[in-house]
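**Student:** Structure of the sequence below:
(chains A and B)
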Amino acid sequence: MSNFHATLEPERGVPAARSPGRRCGARTTDVARAQRSGRHGYSGSRRCSGSRIGIGETIETSTVLAVCREGSWPGGLRLPQHRVPVYTTRDVAQEPRKRIPLAAGEFTVPDDPGQPPRLLGTRCERCGEQFYPRRVVCAKCLSEQTADVELGPRGILYSFTFVEMPFFGAPDTAPAGYGVGQIDLPEGPRVQFPLAGAREEFRVGRAVELELDTLRKETEHDVVIARFRPVGGEGNEPDAS
Amino acid sequence: MNNVAILGVGMHRFGLWADRSNAAMAREAGLEALRDAGISFADVQAAYVGHIWAPVTAAVRVMKEFGLTGIPIQRIENASATGSAAFREACLAVESGRYEIVMVLGFDSMTRMLKQAARGPKPEGVEDIILPSAFFAMWATRRMHERGTRPEHLARIAVKNWNNGALNPNSQRQADSAITVEKVLASRMVAWPLTTMMSCPVGDGAAAAIIARPEIARRLQPGRPLLRVVASELQSERYAPGHVFQGPVVGPAQMTRDAAQVAYDEAGIGPEDLDIVQVHDAFAIEELEYYELLGFCGEGEAEKAIEEGWFEPGGRTPFSTDGGLIARGHPGGPTGLAQIWETVHQLRGTAGKRQVPNARAALCHMMGGGSVCAAHVLVRD
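**Tutor:** Just a heads-up that it's a prediction; the model follows:
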């Protein structure tokens, strides 16, 4: 069995530049995001940006968000400890910090941090059109018979750009700038959101998934925003150019 | 629209005028328009004033620069289309017969606005960080994906507008040497693929126009050609799938197509009859899209038209002859009226080095965030 790779981003939203920054760069097909409890409840696919860790080393699970391996995830395997100094050292047993959305009424904040958020939308009961953000009157048929729905978290990137300015004027979060995209949701609406991930990953037609990122930490809670991040696989339409 | 003529125009050059008040810039533009019209402020029966950034009451207070005559003064705001929307209200007021002579005034100081904004609270919503540049950059990315547009196409539009601006004494950006595609592409990236030189600058300024019934124009200005406003259209968005509700700027392409068509129908002309066009080229990709949406080339033909110089000076239909928003500037309130200023001079044949020979019919198009689209057709009889 070969080596494991682990991303050492301590907490989402904490500047990646301050993490140990040893990149293995391997393209991985399976990523398991370690929960604070030590279990891995989330899987997706993304480029590993963490360090190479040898078998037998142990990883401080409270500080590791993703553990990956070329090949399949070995279920039930004990996470190896690793010796690279990490950014946070919070106790594994500690309760997850409360997460508060930057603005209310836009997206869900699941209790389980391994679950992706969903967008708070509206469905017209008369014509079936769906909308984001929430509204009372259907913009298409003008009916007031509308109902709350949750949309996403997956979508297809319709277009994107990369803004050459610090994100929210906060150089820590994205010093070089930030991506912005328009995303077509399978339910119909086209939404406009900041993008997470590196600019090279953005491509028209690419599948993206909504995630919560910590914008800032306050005493009692973390303030989170929703961003779409490119994910591999399905729904990627070919480039016309 | 049958009974609306333009008597006079005036403008305070757009630029970074941190030391000049809105009142000072507006006074200069308004007095010039009154002189150009050959009337006194006592003849003005109503005023329509556009500004975005100045505080409430600014319209009425700034108008005191011309004297206190008790006339109705109405402030109008419609984002980038503020000046165009104020112009439209003035035209409608004259067309209706309620007033014979009215004034339109637009002013704004973005430098003052930014100075105040820097003292205020930081951006607190995701909408605040999705800037107009990002929104229009996404138009460009999509266009590149669908049509194979290259940054060079966008740069050529910027080059044209910068070089037009250098010939306009009221243009904010006046490069002292010819601007090239390489220079535009090498300028700082704002939101990929848009660079600073493909984007309009921050600026301040004012512009004004005097609108009257045509018989008044004939009586007051017997030696001058009669310039009439023959179509005025303002549209907001019609819902269609793919509509984006968030962000400071939206504006589905169809709105421009529809607004232009209504204006063409009202004027009884088509794009082939127009000699010059001013558009909302806040970002170069917009002007590219408007070539098609306004009917000056077929769908998917804009890139070829750019390569062949259709919209450059001496081309089929010159666009953004005064430098457009990219070079002439875009303070906000006065922008739509700067288009009127340029169009009036072109139709009169007084546009100097940038004169389009024998220009007789012109289109002024503006977008406003939110969003709206304004279209006016002006003709010389």
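**Student:** hey, let's count contacts and neighbours off CA atoms from now on
**Tutor:** Noted.
**Student:** you'd agree B:Cys364 is up against B:Ala338?
**Tutor:** No. With contacts counted by Cα atoms under 8 Å, B:Cys364 stays clear of B:Ala338, the gap being 10.0 Å.
**Student:** which one of these two has more residues nearby?
**Tutor:** The neighbour comparison of B:Cys364 against B:Ala338 (other Cα atoms under 10 Å in any protein chain shown) goes to B:Ala338, with 34 against 25.
**Student:** Surely A:Val149 is within a strand?
**Tutor:** Yes. Assigned with DSSP: H, G, I helix; E, B strand; the rest coil, A:Val149 falls within a strand.
**Student:** I'd like to check which residues are in contact with it.
**Tutor:** A:120-123 (Cα atoms under 8 Å, 6 or more residues apart in numbering or on different chains).
**Student:** got a pLDDT number for residue 90?
**Tutor:** Picked chain A for this. On pLDDT, A:Arg90 comes in at 38.
**Student:** was after chain B, sorry
**Tutor:** The confidence metric pLDDT takes the value 98 at B:Ala90.
**Student:** by contact count, what packs against the helix or strand hosting it?
**Tutor:** When elements are defined using DSSP states H and E, B:Ala90 is found to belong to helix B:82-95. Judged by 3 or more Cα pairs under 8 Å, 6 or more residues apart in numbering or on different chains; DSSP states H and E, helix B:82-95 is in contact with strand B:46-50, strand B:73-76, strand B:101-109, strand B:204-212, strand B:227-236, helix B:335-348.
**Student:** mind putting the ones you listed in JSON lines, distance to chain A and mean pLDDT included?
**Tutor:** Putting the helices and strands packed on helix B:82-95 into JSON lines (distance: least, Cα to the nearest Cα, whole Å; pLDDT from 0 to 100) gives the following:
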{"stretch": "strand B:46-50", "distance to chain A": "29", "mean pLDDT": "98"}
{"stretch": "strand B:73-76", "distance to chain A": "26", "mean pLDDT": "98"}
{"stretch": "strand B:101-109", "distance to chain A": "23", "mean pLDDT": "98"}
{"stretch": "strand B:204-212", "distance to chain A": "23", "mean pLDDT": "98"}
{"stretch": "strand B:227-236", "distance to chain A": "13", "mean pLDDT": "97"}
{"stretch": "helix B:335-348", "distance to chain A": "25", "mean pLDDT": "98"}
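**Student:** Scan the helices and strands of the chain for the one with the lowest mean pLDDT.
**Tutor:** If you meant another chain, say so; for now it's chain A. The element with the least model confidence among the helices and strands of chain A, by mean pLDDT, DSSP states H and E, is strand A:40-44, at a mean of 29.
**Student:** wrong chain, I was asking about chain B
**Tutor:** Taking mean pLDDT, DSSP H and E as the measure, chain B has helix B:126-129 as its least confident helix or strand, at a mean of 68.
**Student:** which SS state does the nearest residue to B:Ile340 once chain neighbours are set aside fall under?
**Tutor:** Among residues not flanking B:Ile340 along the chain, B:Cys364 sits closest, at 7.3 Å (Cα to Cα, 6 or more residues apart in numbering or on different chains). Assigned by three-state DSSP, the conformation of B:Cys364 is strand.
**Student:** Who is B:Cys364 paired with across the strands?
**Tutor:** Beta-bridge pairing for B:Cys364 (DSSP bridges): B:Gln278, B:His376.
**Student:** Distance of it relative to B:Asp176?
**Tutor:** 28 Å (Cα to Cα, to the nearest Å).
**Student:** Quick one: name the residues of chain B near chain A.
**Tutor:** Those residues of chain B that sit near chain A, judged by Cα under 8 Å from any Cα of the partner chain, are B:123-126, B:129-130, B:134, B:137-139, B:141-142, B:144-148, B:189-193, B:239-247.
**Student:** In strands, which of those fall?
**Tutor:** Among the residues of chain B next to chain A, the residues falling in strands (DSSP state E) are B:189-191.
**Student:** Please verify my assumption that B:Ala134 contacts A:Glu164.
**Tutor:** No. Taking contacts as Cα under 8 Å, B:Ala134 lies outside contact range of A:Glu164: 9.7 Å.
**Student:** re the thing from before, overlap of the contact sets of B:Cys364 and B:Ala338?
**Tutor:** When contacts are counted by Cα under 8 Å, 6+ apart, B:Cys364 and B:Ala338 are jointly contacted by no residue.
**Student:** right, and out of the contacts of A:Val149, which lies closest to chain B?
**Tutor:** If you rank the contacts of A:Val149 by distance to chain B using Cα to the nearest Cα, A:Gly121 comes first, at 11.7 Å.
**Student:** TSV please, covering the ones in strands among the residues of chain B next to chain A and showing pLDDT and neighbour count.
**Tutor:** As requested, those are exported to TSV (pLDDT from 0 to 100; neighbours: other Cα atoms under 10 Å in any protein chain shown):
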residue	pLDDT	neighbour count
B:Met189	94	19
B:Val190	93	21
B:Ala191	94	27
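**Student:** In chain B, which residue sits nearest chain A?
**Tutor:** When you check chain B against chain A by Cα to the nearest Cα, the closest residue turns out to be B:Ala191, at 4.3 Å.
**Student:** Could I get the contacting residues of the closest residue to that residue other than its chain neighbours?
**Tutor:** If the residues on either side of it in the chain are set aside, B:Ala191 comes closest to A:Val163, at 4.3 Å by Cα to Cα, 6+ apart. Taking Cα under 8 Å, 6+ apart as the contact definition, A:Val163 lies against A:177-180, B:134, B:190-192.
**Student:** same check, this time on B:Gly333
**Tutor:** With contact taken as Cα under 8 Å, 6+ apart, B:Gly333 is in contact with B:50-52, B:77, B:79-83, B:106-108, B:206.
**Student:** Now the one residue in chain A that gets nearest to chain B: phi and psi?
**Tutor:** Taking Cα to the nearest Cα as the measure, chain A has A:Val163 as its residue closest to chain B, at 4.3 Å. A:Val163 has phi and psi values of phi -90, psi 130 when expressed as degrees, to the nearest 10.
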